[in-house]
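return atomic coordinates for the entry below.
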Amino acid sequence: MAKYLISFPSAAMVVPEGEWEAVGRDAHAVIDEAKAAGVYVFGGGIDEGVPPVLVAADGAVAAGGYPWAPPLDGGFTVLELPSREEAIAWAARIAEACRCDQELRVFGFDPQS
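Numbering: from 1, shown residues only. Next up, the predicted model:
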């Protein structure tokens, strides 16, 4: 079984006024289903109120992330699933609940991790 990252950047989530409560309810319902199915690993959202820092090998800390990389924000879910097809199906359910497309990636397996 592989672990899949299902995610979206904050800018992708454009929800009409008055629908936020329904989005939260629907998104939590999908996560509850993933938990009940035993495929949920963890999930959440990047706290955009806490700015990133870049930590060097010597422990030096600089404000911000990599200056050349796009910002990392939005929400994510990690599920452990037996196939890419099942990951696509879960991503579609999350996309429907969140009212925005989801990016799907698979984590590489490291037997020492």
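
confirm that residue 42 sits in a helix.
No - going by DSSP: H, G, I helix; E, B strand; the rest coil, the assignment for residue 42 is strand, not a helix.

gap between it and residue 53?
22 Å (Cβ to Cβ, to the nearest Å). Quick note: C-beta positions are derived from backbone N, CA and C, even for glycine.

what does residue 8 give?
For residue 8, the distance to residue 53 (Cβ to Cβ) stands at 24 Å.

need the contact list for the residue positioned nearest the centre of the chain.
Centroid check for the chain by Cα atoms, centre = their mean gives residue 76 as the closest residue, at 1.0 Å. Contact analysis of residue 76 by Cβ atoms under 8 Å, 6 or more residues apart in numbering lists 5-8, 43-46.

show the backbone phi and psi for it.
Backbone dihedrals for residue 76, given as degrees, to the nearest 10, come out at phi -150, psi 160.

if it is in a bridge, with which residues?
Using DSSP bridges, the beta-bridge partners of residue 76 come out as residue 7, residue 44.

ok, residue 98 touching residue 9?
No - using Cβ atoms under 8 Å, residue 98 is not in contact with residue 9, being 11.7 Å away.

the two: which is more packed in?
residue 98 (22 against 15; other Cβ atoms under 10 Å).

which residues in this protein form helices?
Per DSSP state H, the chain carries helices over the ranges 20-37, 84-98.

dump those to a markdown table, plus distance to residue 63.
Listed next are those as a markdown table, based on distance: least, Cβ to Cβ, whole Å:
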| stretch | distance to residue 63 |
| --- | --- |
| helix 20-37 | 31 |
| helix 84-98 | 30 |
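
what's the most buried one of those helices?
Highest mean neighbour count of the helices of the chain: helix 84-98, a mean of 17 (counted as mean count of other Cβ atoms under 10 Å).

most neighbours among the contacts of residue 76, which one?
Neighbour-wise, these (other Cβ under 10 Å) top out at residue 6, 24 neighbours.

how about the contacts made by that residue?
Residue 6 makes contacts with 76-79, 87, 90-91, 94, 102-104, as judged by Cβ under 8 Å, 6+ apart.

that one and residue 21, how far apart?
22 Å.
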